[in-house]
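[1] predicted model, plus sequence, below.
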Amino acid sequence: MSTKIFSRPRYLKDAVFHYCPGCGHSIAHRLVAEVIEELDIAKITIGVPPAGCAVLAYDYFDLDIGEAAHGRGAAVATGIKRVRPDKIVFTYQGDGDIAAIGTAETIHAANRGEKISTFFINNCVYGMTGGQMAPTTILGQNSTTTPGGRTMSREGGPLNLSEMLGLVDGAVYIERVAVNSVKNIRNAKKAITKAFKVQMANLGYSMVEILSPCPTNWKMTPVEACRWIDETMTKVFPIKVIKDQVGKI
Amino acid sequence: MNKKVLMSGNHIIGEAAVRAGCRFYAGYPITPQNELTEYMASAMARLSDGAFIQAESEIAAINMVIGASMAGCRAMTSSSSPGVSLKQEGISFLSALELPAVIVNCMRGGPGLGNIAPAQGDYFQATRGGGHGDYRNIVLAPGSGQEISDLTTKAFEYADTYRTPVMILQDGMMGQMMEPVIFPDPVDPAKLPPKPWTLDGADGRPRRVIKSLWLDPLVEEALNWRLSARYDEISRTIQSAESFMTSDADLVVIAYGTAARIAKGAVKRARQNGLKVGLFRPVTLWPFPKDPLLEINKHVKDFLVFEMSTGQMVEDVRLSLEGAGKVRFYGRPGGPISTPHEIEGEIKKIYEKINI
């Protein structure tokens, strides 16, 4: 008799991902869907996807979804949550969405301590639009709008949004994880679980920053991209718990 | 009947909104509409099911309204001209997402930062959509304290009925002026017609998606035509205007909001001097009340459009009449408030020409 030990998460639709080979979004989607299933919160969960590569998240998550304009996820989620405080509301946002055009919405939602959870995919680049400089592009990194590499004197350095949010009172749990190795993926799932639990306990704003490979725009193989996260990206964006006022939950 | 009370226009909108079942308000400070934001802060705090947020920006406020509307709540935001420019992104999205919401523009002098005096320079922005894309939104222009209350009630009803944003377009004078008003009985939000499209978690039903990205041009085209058909229905159904002393008039003044109040005084003065003058006051700016105007046009061929702008609504008057009348314009943009005497002078000049 055979035993099923691995399958599609219940709340991930039977659809082919449009994401590029080696992209971290697929793994992050899977983790979010697995956690929602394990916590048994799908019936009360509303997701808010961004503009960017993950705009099509509603093709994959089998959940109620309200699409936000570019960068406005935290504001839209705030409106939903304030009207329906008994629901679970999460935003799923890329680095350009959350740390450039949506910086104000994000910081102020966190500062108000909105009871929402944010999953922030950091891949150091605007992926959907073809590889322009993101707020998180690291110094020296090539992009289509920083030919020759990002420089401190011209573009400024990468924005460490999670560390900034760590200074904000209403944010109670901020952790940076990665999805470039089995070990990191396991830890990422733990962080996503905790972020949802923080919201379920009504404690405040929670965010998980997920370092995610973008082989297409980094012009690397998937293996090289995963290695680049370990060797280069984590030097600027260290994997760690940035703020935890919650403890064990 | 409820008691008659004396209130400022901005407070009237707030009270009428709460009575219409509005339970979510997000706004940002800007003069001359702050009294409304402040009223909503107090009113929502008194309600067990009300939410008020002073947003970090106008853009955040309108996007919070989008979220609240997705969740099925009657929701409102308000601002004044420069702030409403910032809200245009959200208004375009509300239209595309087919979400009801009420947006108040308490107009001030512009363009740019302009000033805080009453003006009507935002007519184009309000009636032409304002944001990107092929959409319209309902625009209501109150002319008195009582009408502010009545139209606020209607704004929420229209928004829900047609699943579209509705703008209340007033100016600083209407917002600040105190007038008597009788409010309707409050509506219990729980007893409003159900909205079978709201997001509340896919419990025992297929999941729902509210989105505005349609990558297939044919699908996006279909959405545009569906919205267009709805706009046609709105245009046929809700046109509204006041006609004052137009039945025997040789000349009809056309004005809305504060300008119409001034024009009415001018028309009354002119009548006392024996001039056969009337007033046509659009209450819906979009849809423009073309049908009632054409009724008047059967016997009136001379019109004077008066606006507190360099001339915006005058284009809709000309488009409606399609040449079947002589349309003249008098405007005072940027904040000065004309007197009835001043408008009476303009009426006289034209009246003398057409009666030679």
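    Received it, and whenever you're ready, just let me know what you need. Numbering: from 1, shown residues only, chains lettered A, B, ... in the order given.
[2] use CA for all of it now, contacts and neighbours both
    Fine.
[3] what residues does chain B have near chain A?
    B:24, B:51, B:56, B:60-61, B:63-71, B:73, B:90, B:93, B:199-204, B:207-212 (C-alpha under 8 Å from any C-alpha of the partner chain).
[4] just the ones in strands from these, please.
    Using DSSP state E, the members of the residues of chain B next to chain A that fall within strands are B:Phe24, B:Ala51, B:Val209, B:Ile210.
[5] and B:Gly129, what pLDDT?
    Predicted confidence (pLDDT) for B:Gly129: 85.
[6] of the residues of chain B next to chain A, grab the buried ones for ChimeraX.
    In ChimeraX syntax, the buried subset of the residues of chain B next to chain A is picked out as below (16 or more other C-alpha atoms under 10 Å in any protein chain shown):
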select /B:24,51,56,60,61,63,64,65,66,67,68,69,70,71,73,90,93,199,200,201,202,207,208,209,210,211,212
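[7] so which residues of chain A form helices?
    A:25-39, A:73-83, A:95-96, A:103-111, A:152-155, A:161-166, A:182-200, A:215-218, A:222-228, A:234-236 (DSSP state H).
[8] how about chain B?
    Ranges of helices within chain B are B:9-19, B:34-46, B:58-70, B:81-97, B:123-127, B:145-162, B:172-176, B:217-237, B:257-272, B:290-297, B:313-321, B:340-354, based on DSSP H.
[9] list just the one of the helices of chain A that sits closest to B:Gly323.
    Across the helices of chain A, B:Gly323 has its closest neighbour in helix A:73-83 (46.5 Å, C-alpha to C-alpha).
[10] the closest one close to chain B?
    Yes: shown here: helix A:73-83 in contact with chain B (C-alpha under 8 Å from any C-alpha) through A:Ala75, A:Val76, A:Ala77, A:Thr78, A:Gly79, A:Ile80, A:Lys81, A:Arg82, A:Val83.
[11] let's have those residues in JSON lines, adding neighbour count.
    Below are the residues of helix A:73-83 next to chain B laid out as JSON lines (neighbours: other C-alpha atoms under 10 Å in any protein chain shown):
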{"residue": "A:Ala75", "neighbour count": "32"}
{"residue": "A:Val76", "neighbour count": "29"}
{"residue": "A:Ala77", "neighbour count": "35"}
{"residue": "A:Thr78", "neighbour count": "32"}
{"residue": "A:Gly79", "neighbour count": "33"}
{"residue": "A:Ile80", "neighbour count": "30"}
{"residue": "A:Lys81", "neighbour count": "24"}
{"residue": "A:Arg82", "neighbour count": "22"}
{"residue": "A:Val83", "neighbour count": "25"}
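[12] buried sites along stretch B:6-22?
    B:7-22.
[13] which of the residues you listed lies closest to B:Met308?
    Using C-alpha to C-alpha, the buried residues of stretch B:6-22 come closest to B:Met308 at B:Gly9, 18.6 Å.
[14] contacting residues for the nearest residue to the closest one once chain neighbours are set aside?
    Closest residue to B:Gly9 apart from its sequence neighbours, by C-alpha to C-alpha, 6 or more residues apart in numbering or on different chains: B:Gly175 at 4.1 Å. Applying C-alpha atoms under 8 Å, 6 or more residues apart in numbering or on different chains, we find B:Gly175 in contact with B:Ser8, B:Gly9, B:Asn10, B:His11, B:Pro32, B:Gln33, B:Cys106.
[15] how about 7 Å then?
    B:Ser8, B:Gly9, B:Asn10, B:Gln33, B:Cys106 (C-alpha atoms under 7 Å, 6 or more residues apart in numbering or on different chains).
[16] over to B:Gly112?
    By C-alpha under 7 Å, 6+ apart, the neighbours of B:Gly112 are B:Pro82.
[17] quick one: it from chain A, how far?
    Distance of B:Gly112 to chain A, computed by C-alpha to the nearest C-alpha, to the nearest Å: 22 Å.
[18] B:Gly9 versus that residue, what's the distance?
    24 Å (C-alpha to C-alpha, to the nearest Å).
[19] circling back to that earlier point, let's have the contacts of B:Gly175 in TSV, adding pLDDT.
    Formatted as TSV, the contacts of B:Gly175 follow (pLDDT from 0 to 100):
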residue	pLDDT
B:Ser8	98
B:Gly9	98
B:Asn10	98
B:Gln33	97
B:Cys106	98
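[20] which one of these sits closest to chain A?
    Distance to chain A across the contacts of B:Gly175 (C-alpha to the nearest C-alpha) is lowest for B:Gln33, with 21.7 Å.
[21] what about A:Ala110, how many neighbours?
    27 (other C-alpha atoms under 10 Å in any protein chain shown).
[22] pretty sure it contacts A:Val172?
    No: A:Ala110 is beyond contact range of A:Val172, at 8.7 Å (criterion: C-alpha atoms under 7 Å).
[23] quick one: common contacting residues for the two?
    A:Tyr205.
[24] re the thing from before, from the buried residues of stretch B:6-22, pick the one nearest chain A.
    B:Cys22 (11.2 Å).
[25] residue contacts, the closest one?
    B:Arg74, B:Ala75.
[26] got the confidence number for it?
    98.
[27] circling back: hmm, which two among the ones in strands among the residues of chain B next to chain A are most spread apart?
    Longest distance between any two of those is 23.9 Å, between B:Ala51 and B:Val209; criterion C-alpha to C-alpha.
[28] returning to what we had before: next, format the helices of chain B as TSV and append distance to A:Val241.
    As requested, those are arranged in TSV below (distance: least, C-alpha to C-alpha, whole Å):
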stretch	distance to A:Val241
helix B:9-19	44
helix B:34-46	36
helix B:58-70	28
helix B:81-97	35
helix B:123-127	47
helix B:145-162	45
helix B:172-176	50
helix B:217-237	43
helix B:257-272	57
helix B:290-297	63
helix B:313-321	58
helix B:340-354	68
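[29] can you tell which of those helices is closest to A:Thr45?
    helix B:58-70 (13.4 Å).
[30] outside of the closest one itself, list whatever touches it.
    Helix B:58-70 is contacted from outside by A:72, A:75-80, A:83, A:105, B:24, B:26-28, B:55, B:75-77, B:83, B:86-87, B:90, B:94, B:99-101, B:198-199, using C-alpha under 7 Å, 6+ apart.
[31] what's residue 87 in contact with, if anything?
    In the absence of a named chain, chain A is used. Neighbouring residues of A:Lys87 by C-alpha under 7 Å, 6+ apart: A:Ile44, A:Thr45, A:Lys81.
[32] not what I meant, chain B
    Per C-alpha under 7 Å, 6+ apart, neighbours of B:Lys87: B:Glu58, B:Ile59, B:Ile62.
[33] neighbours around the second one, how many?
    Each residue near B:Ile59 was counted by other C-alpha under 10 Å, and the total is 24.
[34] ditto for the first one
    For B:Glu58, the neighbour count with other C-alpha under 10 Å is 26.
[35] I'm done for today, thanks for sticking with me.
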